[in-house]
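Chemist: Need a 3D model of the sequence below.
(one chain, ligands or ions: 1)
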Amino acid sequence: MRARTRWVSPGAAGRRGKVRGLRVVVHGMDEVEVVVVGAGQAGLSAAYHLRRSGFEPGGGFVVLDHAPAPGGAWQFRWPTLTYGRVHGMHALPGMELTGADPGRSSAEVIGEYFARYERRFELPVRRPVDVREVRDAGAEGRLLVRTSAGDWSARAVINATGTWERPFWPRIRGQELFRGRQLHTAGYPGPRDDAFVGRRVVVIGGGTSAVQHLLEVARVAQETVWVTRRPPVFREGPFDEEQGRAAVSLVEERVREGLPPRSVVSVTGLPMTEEMRRARADGVLVRRPMFTRITEDGVEWPDGSRFRADTLLWATGFRPVIDHLAPLRLREPGGGIRMEGTRSVRDPRVHLVGYGPSASTIGANRAGRAAVRDIRALLGASGAPAERGVEGAAAA
Ligand SMILES: Cc1cc2nc3c(=O)[nH]c(=O)nc-3n(C[C@H](O)[C@H](O)[C@H](O)COP(=O)(O)OP(=O)(O)OC[C@H]3O[C@@H](n4cnc5c(N)ncnc54)[C@H](O)[C@@H]3O)c2cc1C
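Modeler: Residues are numbered from 1 along each chain as shown. Okay, here's the model as predicted:
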């Protein structure tokens, strides 16, 4: 049986300067083959495939996450987003999510599922550890990962930091004048909040979150209006695999060109449900074009029409959380990171999973596998361990 890694603080271990089990500590810094940043769907998928490929927790790889608990961004989603209302959540590789109560919040269901997953495959997730920056280590082709819990030196980094922590607020003239409340999906407290009950509410955004917020809020608000930049495209019937692939390849094209990715949902359209059909018939799910000015007490369209509002709810999406990669200068002049598969073209040691075309649960699963395959090839004969099954690895 192989020695098990014992986690001690990098500082303490560094002073001893020893190899602990498979964990190597050099000059007060943990040395690993691969650091995975983020333990959401994308990071856990990558971790599973690393384990399956023979990378050992400790010297082989570590997963660093700054959230307080398992669940990735799901743990922060609003309480009325029940598991039954999540659309198309794919299980992580190697372990199904079965028997979950559709009436429970997705934050709880998925948080518990991720926790079980981490235990089952003995994934070395360390939390809360905030990754502050990733930079070239300047020696031996390594990367330096600076964190709130010390430094790690790695030969490759899989970045899986999602988008949740960078909500996007469009800039509209007069926004600072508004005297009511402005909230974003990232801080949406559910419809029972004082911001909505008996209030006049504008919901802004053309995605699934916007529609879910609108339908919930309309039940308690005095009046709602729904505003989107482009006319929404409603999709009838199931989304087949071919349509899925076509949608993903549109996003892929953008990141291959180094442009900022659009969300996958933006190219898949809005799946029409019975509840949405009813809301449309009731005059709730009726879209108005984007207003162009915000006043002290509402919003105003170019034709001079107005809606007096107490609350503006921005369901306007998210942007990739990648500021900690800035020292690597991966961004193109177009603002995005040019990608080949999951690999950054500017620095092949850095992979982005859950980014752009892989920003969905199924995309994140696939990206985790692809990144690990690529990293094995990158490390080649000098580093990549012999491949084996993850169950075998977990049992070792
Ligand atoms: C409201 C909403 C609903 C959605 N519903 C669906 C759905 O039904 N089906 C679907 O397929 N997709 C859905 N998505 C898309 C969904 O977010 C992705 O599919 C997937 O869950 C994202 O996983 P991820 O691992 O990329 O990111 P996340 O789940 O966001 O995980 C990122 C992790 O990185 C950590 N992290 C970030 N920065 C740092 C740092 N600097 N240092 C350390 N840790 C860091 C965070 O703590 C977090 O745990 C939804 C998205 C939103 C916003």
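
Chemist: can we go C-alpha only for contacts and neighbour counts from here?
Modeler: Fine.

Chemist: Report the contact partners of the closest residue in space to residue 82 that isn't next to it in sequence.
Modeler: Excluding the flanking residues, the one nearest residue 82 by CA to CA, 6 or more residues apart in numbering is residue 105, at 4.0 Å. By CA atoms under 8 Å, 6 or more residues apart in numbering, the contact list for residue 105 reads 79, 80, 81, 82, 83.

Chemist: Next one: the fourth one from the ligand, what distance?
Modeler: Just to be clear, that refers to residue 82. According to CA to the nearest ligand atom, to the nearest Å, residue 82 and the ligand sit 10 Å apart.

Chemist: Next up, the contacts around that residue.
Modeler: Taking CA under 8 Å, 6+ apart as the test, what residue 82 contacts is 102, 103, 104, 105, 106, 107.

Chemist: Look up the closest residue to the fifth one, ignoring the ones flanking it.
Modeler: Right, the one you point to is residue 106. Leaving out its chain neighbours, the residue that sits closest to residue 106 by CA to CA, 6+ apart is residue 83, at 4.2 Å.

Chemist: surely the one you found meets residue 98?
Modeler: No: the pair residue 83 / residue 98 is not scored as a contact, 11.7 Å apart, by CA atoms under 8 Å.

Chemist: Compare those two and say which is more crowded by neighbours.
Modeler: For residue 83 versus residue 98, the count of surrounding residues by other CA atoms under 10 Å is larger for residue 83: 20 against 8.

Chemist: any idea how far residue 110 is from that one?
Modeler: With the distance defined as CA to CA, to the nearest Å, residue 83 ends up 8 Å from residue 110.

Chemist: swap in residue 204?
Modeler: Relative to residue 110, residue 204 is positioned 27 Å away (criterion: CA to CA).

Chemist: Neighbour count: the two, which is higher?
Modeler: Per other CA under 10 Å, whichever of residue 204 and residue 110 has more neighbours is residue 204, with 26 against 23.

Chemist: Any idea what that one is bridged to?
Modeler: Using DSSP bridges, the bridge partners assigned to residue 204 are residue 227, residue 314.

Chemist: which residues sit in contact with it?
Modeler: Each residue near residue 204 by CA under 8 Å, 6+ apart is listed here: 210, 226, 227, 228, 312, 313, 314, 315, 316.

Chemist: What is the burial count for the second one?
Modeler: Which is residue 226. Residue 226 has 21 nearby residues by other CA under 10 Å.

Chemist: pLDDT at it, what is it?
Modeler: For residue 226, the pLDDT comes out at 98.

Chemist: Pull up the gap between it and residue 337, please.
Modeler: In this view, residue 226 and residue 337 are 33 Å apart by CA to CA.

Chemist: again, but for the first one
Modeler: Between residue 210 and residue 337 the computed distance is 27 Å (CA to CA).

Chemist: ok, the two, which is more surrounded?
Modeler: residue 337 (27 against 22).

Chemist: Residues in a beta bridge with the more buried one, which ones?
Modeler: Using DSSP bridges, the bridge partners assigned to residue 337 are residue 331.

Chemist: Just confirm it contacts residue 330, I think it does.
Modeler: Yes: using CA under 8 Å, residue 337 is in contact with residue 330, at 5.7 Å.

Chemist: dump the residue contacts of residue 153.
Modeler: For residue 153, the set of contacting residues under the criterion of CA under 8 Å, 6+ apart consists of 29, 30, 31, 32, 137, 142, 143, 144, 145.

Chemist: Now list the buried members of those residues.
Modeler: Buried positions within the contacts of residue 153, assessed by neighbour count (16 or more other CA atoms under 10 Å), are 29, 30, 31, 32, 142, 143, 144, 145.

Chemist: would you say the second one is within a helix?
Modeler: No: counting by DSSP: H, G, I helix; E, B strand; the rest coil, residue 30 is located in no helix; its state is strand.

Chemist: quick one: the nearest residue to it once chain neighbours are set aside and the ligand, what's the gap?
Modeler: In space, residue 30 comes closest to residue 152 once its chain neighbours are excluded; the distance is 4.7 Å by CA to CA, 6+ apart. Distance from residue 152 to the ligand, counting by CA to the nearest ligand atom: 13 Å.
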